[in-house]
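Chemist: Attaching a predicted model along with its sequence, questions to come.
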Amino acid sequence: MLTTPLVNHTTTTTPRAYDGHTSVYLPTVATIVDVKDETALEKTYTIRLPGGQNLGHVPGQFVMVSVPGVGEVPISITSSPSRTGETFRLTIRRAGDVTGVIHTLQVGDEIGIRGPFGRGFPIETFRGRDMLIAPGGLGLAPARSLIDQIIDCRNDFGRLIILYGARTPSEILYMDVIREWQTRGDIELLMTVDRPDSLWNGHVGVITTLFEEIEINPYNTIAVTIGPPIMYRFVTIELLGKGLSPDQIWMSFERRMKCGIGKCGHCQVNHRYSCQEGPSWTYAEALAFEEAL
Amino acid sequence: MKPKVAFFDFTSCEGCQLTVVDALQTHLGLLDLVEIVQFREAMSERSEDFQIAFIEGSCTRESDEERLRKIREQAGVVVALGSCAHLGGVNTLKNRWSIDNVQTYVYGDKGKKLYESYPARPIAAVITVDAAIPGCPIDRFEFLRIVQLLLQGRKPRLPDYPLCVECKLLENGCINKQGRPCLGPITRAGCNAVCPSYGDGCEGCRGWAPEANFTYMREILRGHGLSDGQIDAEFTMFNHYQLQQMGEKTPVDASSLSNGSHKPAPKTKSKFAAPKEA
Amino acid sequence: MSLYILPKEKLGIFVEALKANFRVVGPTQTETGYAFEDIDHVEQLQLDYNTTILPPKKFFLPQREVLFEFHSDTHHDGRRKIDVRPVYQDVEPTVIFGVHTCDMNGIMLYDKVFAEGFRDEHYVARREQIYVIGVECLHPCDEASFCKDMGTLTAPPIYDLHMTDVGPHYMVDTGTPKGERLLLDHIDVAMARKEDIQELGRVLSAKWPQFKLRLKISKDQTPSLLALGYNARIWNELGERCLACGSCTNVCPTCFCFDVHDESNINMQDGERVRLWDSCQLAEFALVAGGHNFRQTKASRVRHRIMRKGKYIKQVHNLLGCTGCGRCERACLVNITIPGTLNALHEEMQLESGI
Amino acid sequence: MTENIRINVHHVTRVEGHGNIVVDIRDGTIEKCELQVVETPRFFEAMLRGRPYNQASHITSRICGICAIGHATASLRASERALQVKLSEQTILLRKLAFHGEMLDSHILHTYMLIAPDFLGVGSVIPLAASHPEVVKRALRMKKFAGDLCQVLVGRHTHPIAMTVGGFTHFPTVDQLIELRKQAEDLLSDVAETVDLFSHLPWPTFERETEYVALVQPDEYGFIDGEIASTDGYRLPLEEYRQVTNERLSSHSTAKHAAFNRPSYMVGALARFNLKYGQLHPRAQSAAAHLGLYAPCYKPYKNSMAQVVEIVHCFDDAIMLLDELIARGVEWEAPAPVTLAPGARGVGSCDVPRGILFHEYQIGETGLIEEANCIIPTGQNLANIDLDMRALVPTIITEAPEQITHKMEMLVRAYDPCISCSTHFLNVEFVGK
Ligand SMILES: Cc1cc2nc3c(=O)[nH]c(=O)nc-3n(C[C@H](O)[C@H](O)[C@H](O)COP(=O)(O)OP(=O)(O)OC[C@H]3O[C@@H](n4cnc5c(N)ncnc54)[C@H](O)[C@@H]3O)c2cc1C
Ligand code: SF4
Ligand code: SF4
Ligand code: SF4
């Protein structure tokens, strides 16, 4: 279809195909096979690549999600590799342009997917350790990929402690799954909200207040904290206070991203590209760059 | 159903509406997306049932306020079309004097009372405005882009960097480097640096860039040999109203404005307040 | 590789012959300076020129580049379908004449950034069709350049051909086999003789004293100087002055950051995803949804740029991010310069450490 | 026969600016019959005080989006005459060419988009595009040329950029001019069809003789500079424009009415046609014959017909200018120098699509404007429109009120009034005069 383009730029030559090569920027067209409302702001999308191809990711990685005509955004993969067959899941918060339009999409609609990208958590090196996972808010989305992976080979790990903080009870993600975790018996799960409502009878306070309630073995624990900058900064202080060394603490750095492949420059944290060398970093690594914390 | 749009004009030259007519000529497909129900300059058909109102022109008399409010009540989305509506624009040049002074100058002692007028202002000073398409006149491509964003239900966004970005991408020789004034460094981009591309310095018709560094812009212009009065003349061609407004809270050349820090600046009187009548 | 002699009067024939098979671009005179433009007649080609406003990077990474076209549509069953098709823009056999040695260093960095790691096929497709013909700088462009400090006064090994003006003729060095073919296929030239090579040596050694040093430190010290100076006072002073206009990065041969966005046609179904040059000096560069800006102040953005030029790019790609071309200095309206900044930082650090 | 008629057209459509038509007939006598200009006053003359002279053309082009190049030209001529600037030949050629761009754009817009719908029985150009697509497409092709011409020369039509005191800040390349020349050549058949289209429309025959005033030049049917001439035989230098315009205030409009030797006079395409028919390009003359338009013509509705003739003329003249520029090549020239002196004064004038436009400035030694006066064509036409309406009403009084209203609106539209421009008038008594 020929329509007049909306821009007053002209290219010097007619674009032509460069045969035999695919662009790293070209998304794969995937289909939404399920949409689930999580909270007022978040929905979880189950997505199927063409032919049910496996995404092949590790926990902590993300994909670039495209809505042609609107744009592309990085979104963490929330399903664990152990449970990713022909589909995978993304939990997306309505935060602006692209995510706003994604929220209007329904089952059967197509979207673009690139990835997975980034460095995930080196889960092999966590084997045999006690795991302390402390997500805040939407941080539970990427954390869940790791948690489910651990649950699926539960015997390979020591304790599994989850400390989850949300702003209000209505913002708690995956309540049904959390109930399951609570009843399993092999997960120590504590939750808190900053601002309770009338029905809430659990813990109240910021996430760091949960640390008073747990004892950990500082020599054998790996901690993972994912959330907004203000939150992981304080959690880190708690963890160090509990005797963990900086290389036992993992965190995730979310920056503006436009390419996902370490070129566009937006996600740089000092000289590091968080889309490539991150988003998962240990605190020890992060200490080396001023812009990280 | 196609959204219904209407065009209105207040004090202006109608050049922005003319640009809309141009945009319709080059992009007839726009008529497949929206239905134009009122456009006095171009058509006689008229309906008061519309969702999106484009308003051209500044508000320059009290009796226009009522008309503006009526439009606001009816429209789901109100868009300021062009510099006059968005900034007050060139109309605000008269605000440097009392209304009586300009009325007398133009209509004489006898005539001045015949015609109502008050200091010119952007329409946002009277009603809530949802989006603005800046420029004197507007850029037709930006107009089309913003219509698209509105239709997608997105919030229209304007570039929030200075004009120099577009100018450099076009590889223009810099006007300021040639010792002639250009307000590109403090003006919001989006017109594809059309004035510098045609050899003339930017006059700031799109309003200030969010981080406009007035202090150093003044320095640059002083470097060209401009007096403070001439610099004021450069700054005020379209933005007299804004500078006056800022003048109440911050002096125009307060360095605190320039560094992205938002600490409140000391209170001083605007340099741009109306001069006393002789 | 090999050295040939191209008499000056034959340049026109060479250019004409190339034009039959290639898009030929090179430095031309504009109203206010020089710019790389298409060469229609050989008289337009100015091989002895002062640095252009934009570096030749615009041929390697166009200011606006379509990455792919899309079509999105609502199907009869009410489902939203999308279709994408990659676009490789400006891929055509191109010869770029007259690239200064500083700019060749910029191209060398671009090759590392875009052809290594995740291969950027858009870049590679174009790159494979570009021939770089360098030109040896025999005198400094103007006071803004500091190529000698940055060690970019000699041609890096990315050129296909490299020309040195030795008076009556150009000595042409072939940098690649494809460059050699380009030359020999399009013009009849003789190999350089021994005395020609001696003459070349004389010209080359005569040029060095004409270039001044502007930096108070050696280029190899910049990474450590910048590491020390992360919290220096100078960043705040520069941040105060900076106009956040992005001119410095847009004109820089080593800046490659970009923005990506979608542009829809008027029917709102077809459109293009395009990449545009972006600048870390602009407020939105590190802003994320929700309003947090990882580089809120201009001071932090100016620092980021200088850090990239003198440290970060070196850490990632093992090349300095500044070629000493002086473009940012010429473009800046408030006189923020690389040598000025590094020298001032050096002084501040010396004062601080009491030296 | 209708004894009492009240017509109140609030905001006449398809004109530039806001005007109301008010007719009040009681017992068969006209109590009121006028075009009320209700556009908000803008005070441009007052605004210009204290501004640097080189801003004046950019400020005054904002008086009107349709005649922006006209205002810029008049403004530049005023400053240039005040500051004793000698323009280069190239500048004069480029100015004329840019002026044609605007003349064509405005005339095509007016005849095709604003006037034609009346004759073809639709409310606007949008239904016209459905009912007569070929007509609208032709108009768009021609308008595109006008727009491209303006863009290549001065950056854009509405608010030209590259025009400055003493010359230009940007120059077209010869290649661009050759391209435009080709475009113009390709449109000649469209131009011929335009003439044909308008020759078949049912033009109202209403007639009223009046005085016609336009700028005349010795050797061309031109639009910039020259002398003021009237069909009553008067000739005046530009400096004496006040004798012609003689503005007086009117309580029913924010624009001032003008009168020269009679109670009113007319400016615009028809006035120019009546005064200098003989200087039209040959093809424009035969177009006039084809349209059945002969000088002198006293039918105000045919002002639009005269615009069609001028479209032909401007096309041919633009092609001639393009040829000349292509032949001599275009050089980058710095603007011609100015001479600043205390109290320097100058009048600039050009015949814009709607008629003669005057700008007069007094510029101080430091280059700041001390006094300014602008007289706009529609302002000059207002008195004549009122008198036309008064003469028209009795001839159509037996028709249905909607018919009367429609014919009145068409009459006003025929003048192509630029109401937003017209709301400026003088009263300034220059100090020391
Ligand atoms: C590694 C990573 C993982 C993420 N995982 C999730 C997730 O699982 N669920 C979720 O809801 N959100 C996630 N986000 C945040 C999400 O990317 C932003 O909310 C989203 O980009 C906002 O885009 P928008 O167009 O809706 O908003 P707008 O405010 O309109 O943003 C405009 C553009 O800026 C860029 N941008 C804005 N904010 C961000 C941001 N925070 N990160 C990166 N680019 C940004 C995008 O290119 C975006 O299109 C993640 C971000 C990163 C970096
Ligand atoms: S001409 Fe103006 S907009 Fe362009 S770079 Fe110079 S200052 Fe910026
Ligand atoms: S360059 Fe400046 S004055 Fe010109 S259109 Fe753009 S913002 Fe307006
Ligand atoms: S930083 Fe400045 S001097 Fe260095 S390469 Fe970039 S533009 Fe040239």
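Modeler: Nice, thanks for sending it over. Here the structure is a predicted model, which is why all the values come from computation and not from measurement. Residues are numbered from 1 along each chain as shown, chains lettered A, B, ... in the order given. Ligands and ions are numbered 1, 2, ... in the order given.
Chemist: only C-alpha atoms for contact and neighbour calcs from this point on.
Modeler: OK.
Chemist: In contact with D:L201, which residues?
Modeler: By CA atoms under 8 Å, 6 or more residues apart in numbering or on different chains, the residues touching D:L201 are D:F119.
Chemist: does it sit in a helix, a strand or a coil?
Modeler: What DSSP: H, G, I helix; E, B strand; the rest coil gives for D:L201 is coil.
Chemist: quick one, phi/psi of it?
Modeler: Dihedral angles of D:L201 (phi, psi; degrees, to the nearest 10) stand at phi -80, psi 150.
Chemist: before we move on, what about the one 10 residues further on?
Modeler: According to degrees, to the nearest 10, the main-chain angles of D:E211 amount to phi -90, psi 140.
Chemist: what about the residue in chain C sticking out farthest from the centre, distance to ligand 4?
Modeler: In chain C, counting by CA atoms, centre = their mean, C:D77 sits farthest out from the average C-alpha position, at 50.3 Å. Going from C:D77 to ligand 4 by CA to the nearest ligand atom, to the nearest Å gives 53 Å.
Chemist: Which residue is the nearest non-sequential neighbour of D:E220?
Modeler: Among residues not flanking D:E220 along the chain, D:Q279 sits closest, at 5.7 Å (CA to CA, 6 or more residues apart in numbering or on different chains).
Chemist: returning to what we had before: helix or strand for the residue farthest from the centre of chain C, which one?
Modeler: Following DSSP states H and E, one finds C:D77 outside all helices and strands.
Chemist: Let me know the pLDDT of it.
Modeler: If you check C:D77, the pLDDT there is 84.
Chemist: Ok, the one 3 residues further on next?
Modeler: For C:R80, the pLDDT comes out at 92.
Chemist: Any idea what it is bridged to?
Modeler: C:T74 (DSSP bridges).
Chemist: residue contacts, it?
Modeler: By CA under 8 Å, 6+ apart, the neighbours of C:R80 are A:G108, A:D109, A:E110, C:S72, C:D73, C:T74.
Chemist: What count of nearby residues applies to the residue nearest to D:E220?
Modeler: Residues lying near D:Q279 (other CA atoms under 10 Å in any protein chain shown) number 18.
Chemist: Could I get the full set of strands for the stretch 101-250 of chain B?
Modeler: B:131-133 (DSSP state E, counting those that start in this stretch).
Chemist: interface residues of it facing ligand 2?
Modeler: Contact residues, the stretch 101-250 of chain B versus ligand 2 (CA under 6 Å from any ligand atom): B:L163, B:C164, B:C167, B:K168, B:C174, B:I175, B:N176, B:C182, B:G184, B:P185, B:P196, B:G201.
Chemist: Make a markdown table from those and add distance to A:V29 to it.
Modeler: A markdown table is the format used below for these (distance: CA to CA, whole Å):
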| residue | distance to A:V29 |
| --- | --- |
| B:L163 | 37 |
| B:C164 | 38 |
| B:C167 | 37 |
| B:K168 | 36 |
| B:C174 | 44 |
| B:I175 | 47 |
| B:N176 | 48 |
| B:C182 | 47 |
| B:G184 | 42 |
| B:P185 | 42 |
| B:P196 | 42 |
| B:G201 | 46 |
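Chemist: What segments of the stretch 151-293 of chain A are helices?
Modeler: Remark: helices assigned in the stretch 151-293 of chain A by DSSP state H, counting those that start in this stretch are A:175-184, A:229-241, A:283-287.
Chemist: average pLDDT for the last one?
Modeler: Across helix A:283-287, pLDDT averages out at 91.
Chemist: same deal with the longest one?
Modeler: Helix A:229-241 shows a mean pLDDT of 91 in the predicted model.
Chemist: what's it in contact with?
Modeler: A:134, A:136, A:207-208, A:211, A:223, A:225-226, A:246, A:249, A:251, A:283, A:293.
Chemist: Equivalent analysis for stretch B:228-243, please.
Modeler: B:83, B:87-93, B:95, B:121, B:183, B:203-205, B:207, B:218, B:221-222, B:252, B:270, B:272, D:51-52, D:59.
Chemist: Just the buried ones from these?
Modeler: B:83, B:87-93, B:95, B:121, B:183, B:203-205, B:207, B:218, B:221, B:252, B:270, B:272, D:51-52, D:59 (16 or more other CA atoms under 10 Å in any protein chain shown).
Chemist: which residues touch the residue nearest to D:T339 when sequence neighbours are not counted?
Modeler: Nearest-residue entry for D:T339: D:L83, 5.1 Å, with adjacent residues in sequence omitted and distances by CA to CA, 6+ apart. Contacts for D:L83 (CA under 8 Å, 6+ apart) come out as D:V338, D:T339, D:L340, D:A341, D:A344, D:R345, D:G346.
Chemist: what about stretch C:183-202, distance to the chain center?
Modeler: 28 Å (CA atoms, centre = their mean, to the nearest Å).
Chemist: just to revisit the earlier point, so which of the contacts of stretch B:228-243 belong to helices?
Modeler: Members of the contacts of stretch B:228-243 lying in helices (criterion: DSSP state H): B:S83, B:L87, B:R218, B:L221, B:R222, D:I59.
Chemist: count of residues packed around the residue nearest to the third one when sequence neighbours are not counted?
Modeler: If I follow you right, that is B:R218. Excluding the flanking residues, the one nearest B:R218 by CA to CA, 6+ apart is B:I231, at 7.0 Å. Number of residues near B:I231 (other CA under 10 Å) recorded here: 17.
Chemist: same thing with C:K81?
Modeler: Count around C:K81 with other CA under 10 Å applied: 17.
Chemist: what does A:G205 give?
Modeler: Neighbours of A:G205 under the rule other CA under 10 Å: 17.
Chemist: How about the contacts made by the closest residue to it other than its chain neighbours?
Modeler: Of all residues beyond its chain neighbours, the one nearest A:G205 is A:D194 (4.7 Å), with distances taken as CA to CA, 6+ apart. Residues counted as contacts of A:D194 (CA under 8 Å, 6+ apart) are A:G165, A:A166, A:R167, A:T168, A:V204, A:G205, A:V206.
Chemist: Show me the shaky parts of chain C.
Modeler: C:355 (pLDDT under 70).
Chemist: Give me the nearest residue to the closest residue to chain D within it, chain neighbours excluded.
Modeler: With CA to the nearest CA as the measure, C:E31 is the residue of chain C nearest to chain D, at 8.2 Å. The shortest distance from C:E31 to any non-neighbouring residue, by CA to CA, 6+ apart, is to B:G173 (7.6 Å).
Chemist: do C:M307 as well
Modeler: Nearest one to C:M307, counting by CA to CA, 6+ apart, is C:L226 at 6.5 Å.
Chemist: so what's the one you found up against?
Modeler: C:M307, C:G310, C:K311 are the contacts of C:L226 under CA under 8 Å, 6+ apart.
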